[in-house]
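Engineer: Please find the sequence and the predicted model below.
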Amino acid sequence: MRDRETELLLTEFGEYLLRSRLTDQKHAPYFVGWVRRFMATTPHIPNATRTESLTLFLDSLQRAQTEDWQVEQARQAISAWFAWRDQAQRTAPAPKISVGGDGTVPADAVYASMREAVRVRHYSYRTEQTYLDWVRRFFAYLQETGATVDGRPVVSVNAYRDFISQLATRQHVAAGTQNQAFAALLFLYREILGVDIGELGRTVRAKRGERLPTVLSPDEVRRLLAQMSGTTRLMAEVIFGGGLRVMECCRLRVQDVDFDNELLRVRGKGDKDRTTLLPQSVRDGLRAHLARVRTLYDQDRGASVAGVHLPDALDRKYPNAGVEWAWYWVFPSKTLSVDPRTNVVRRHHVSDVAIQKAVKDAVQKADIAKHASVHTLRHSFATHLLLQNVDIRQVQELLGHAHVETTMIYTHVLKDLRHAPRSPLDAL
């Protein structure tokens, strides 16, 4: 994109920010500045999806010791940029693609059908964006490789196989990344285009290595938490105390906290609800935190801010539920942002960026020589329960695993922590 076109787009984006009340006149230039820096960075990140590009950009800010509030501001700015560009693309003429040479379909119609199909299945917004990114990259690949008719990308079974195979053979992507692309394009072919892709045995697949999860000892968890404070420490305690995934913690609602029964109600992956443990040691801190959050909730109601996002179609079934205290976020964002699915300005839950960075910093300060992250706390939760001789089926339910085989991975870690054999060297 040429510099003049870029600056015109950024000017329009700044006007959009003000119209949508995403920021004020004073802070709009900073939002535009973050997007400008992001756009200057992304050309150097080949074959990355939007989510990957944003994550890599935010990681680079953190490595440069950027203040937490600036990283969060950058995330909000770039997320708003994505939402605005999506809105613009839906109103702009789009190229057409050929489906097996039998007909043409506008690309924007494909994207719209993908969005609708993903939402009908209640997939997360991140999954929706990831699937759309892979479809865009697939169409671009067809253009680059000349798999076109009259300038239109041709979607065929061979094109599917070639694209998935080249991810492993030429781009050397990780197995998880290739599987992600595999699932996204399989969804495109089967659910959107109605194309039977048949046998995929000739597709080259990246190999996934067998790796054990990193687990912290009880002493390492204590040292890590001692280096944290405020809301991020509370979140880390909730994650470790209940075995939550990081986004499950970010998306907790007020009604999900059951103080009387010491339980948390969690909406996990695949739209599956479960209950897990609410540690006694965090109850007082969580009550005090919710008292502060209630003040923010009252401010939103006084300012007539739109209600929080509701899952599925609950906003139509219960029109006022979004403004009720029970549905408010336990960990709300400090600022308003645009809902990328509806373009409504509302209060979203806190980003996972802050807790990710806080845990990373705490690991370094605690001098823990392990590659640990927020998700390590979930692994540690499961392993520590097994060390307490908790039944593995119960651990499976607390973690929300569909199959006990997934939970069994922690038994391999467990045998390294319990009754380790004596080294022959020590017997000399």
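Structural biologist: In hand now; what should we look at?

Engineer: CA only for contacts and neighbour counts going forward, please
Structural biologist: Fine.

Engineer: Which parts of this protein belong to which domain?
Structural biologist: The chain breaks down into these domains under automatic domain parsing: 1-91, 93-208, 218-417.

Engineer: Would you mind giving the ones you listed as TSV with mean pLDDT and distance to residue 426 added?
Structural biologist: Putting the domains of the chain into TSV (pLDDT from 0 to 100; distance: least, CA to CA, whole Å) gives the following:
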stretch	mean pLDDT	distance to residue 426
domain 1-91	77	42
domain 93-208	76	36
domain 218-417	90	17
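
Engineer: Tabulate those domains (CSV), appending distance to residue 427.
Structural biologist: Listed next are the domains of the chain as CSV, based on distance: least, CA to CA, whole Å:
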stretch, distance to residue 427
domain 1-91, 46
domain 93-208, 38
domain 218-417, 19
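
Engineer: Please report how far residue 55 lies from residue 108.
Structural biologist: Separation of residue 55 from residue 108 (CA to CA, to the nearest Å): 26 Å.

Engineer: between these two, who's got more neighbours?
Structural biologist: residue 108 (18 against 14; other CA atoms under 10 Å).

Engineer: What are the buried residues along the helix or strand where residue 18 lies?
Structural biologist: Using DSSP states H and E, residue 18 falls within helix 3-19. Residues 10, 13-14, 16-17 are the ones in helix 3-19 that count as buried (16 or more other CA atoms under 10 Å).

Engineer: Ok, stretch 398-407 next?
Structural biologist: For stretch 398-407, by 16+ other CA under 10 Å, it's 398-401, 407.

Engineer: hang on, the earlier thing: can you give the distance of the helix holding residue 18 from its chain's centre?
Structural biologist: Relative to its parent chain, helix 3-19 has a centroid offset of 27 Å by CA atoms, centre = their mean, to the nearest Å.

Engineer: Stretch 297-314 now?
Structural biologist: 22 Å.

Engineer: now do the same end-to-end measure for it.
Structural biologist: 20 Å.

Engineer: residues making contact with that stretch?
Structural biologist: 122, 315, 320-325, 327-329, 339, 344-348 (CA atoms under 8 Å, 6 or more residues apart in numbering).

Engineer: go with 7 Å
Structural biologist: 122, 322-323, 328, 345-348 (CA atoms under 7 Å, 6 or more residues apart in numbering).

Engineer: What of stretch 235-254?
Structural biologist: Under CA under 7 Å, 6+ apart, the answer for stretch 235-254 is 266-268, 276-279, 326-331, 349-350, 352, 374-375, 377-378, 381-382, 399.

Engineer: show me where the stretch 151-300 of the chain has helices.
Structural biologist: In the stretch 151-300 of the chain, the helices defined using DSSP state H, counting those that start in this stretch lie at 157-169, 175-187, 218-226, 230-242, 246-250, 283-302.

Engineer: Which of those sits closest to residue 369?
Structural biologist: helix 218-226 (10.0 Å; CA to CA).

Engineer: Tell me the buried residues in the closest one?
Structural biologist: Buried, per 16+ other CA under 10 Å, within helix 218-226: 220-221, 223-225.

Engineer: elements contacting it?
Structural biologist: Using 3 or more CA pairs under 7 Å, 6 or more residues apart in numbering; DSSP states H and E, no helix or strand is in contact with helix 218-226.

Engineer: what's the angle between that helix and helix 230-242?
Structural biologist: 160 degrees (axes from the mean of the first three to the mean of the last three CA atoms, to 10 degrees).

Engineer: The helix or strand hosting residue 405 packs against which elements?
Structural biologist: Per DSSP H and E: residue 405 is located in helix 404-407. The helices and strands touching helix 404-407, judged by 3+ CA pairs under 7 Å, 6+ apart, are helix 392-399.

Engineer: Which strands or helices does the helix it packs on pack on?
Structural biologist: helix 404-407.

Engineer: what's in contact with the helix it packs on?
Structural biologist: 393, 396, 401.

Engineer: Just give me the closest of the residues you listed to residue 29.
Structural biologist: Distances from residue 29 to those, taken by CA to CA, are shortest for residue 401, at 45.0 Å.
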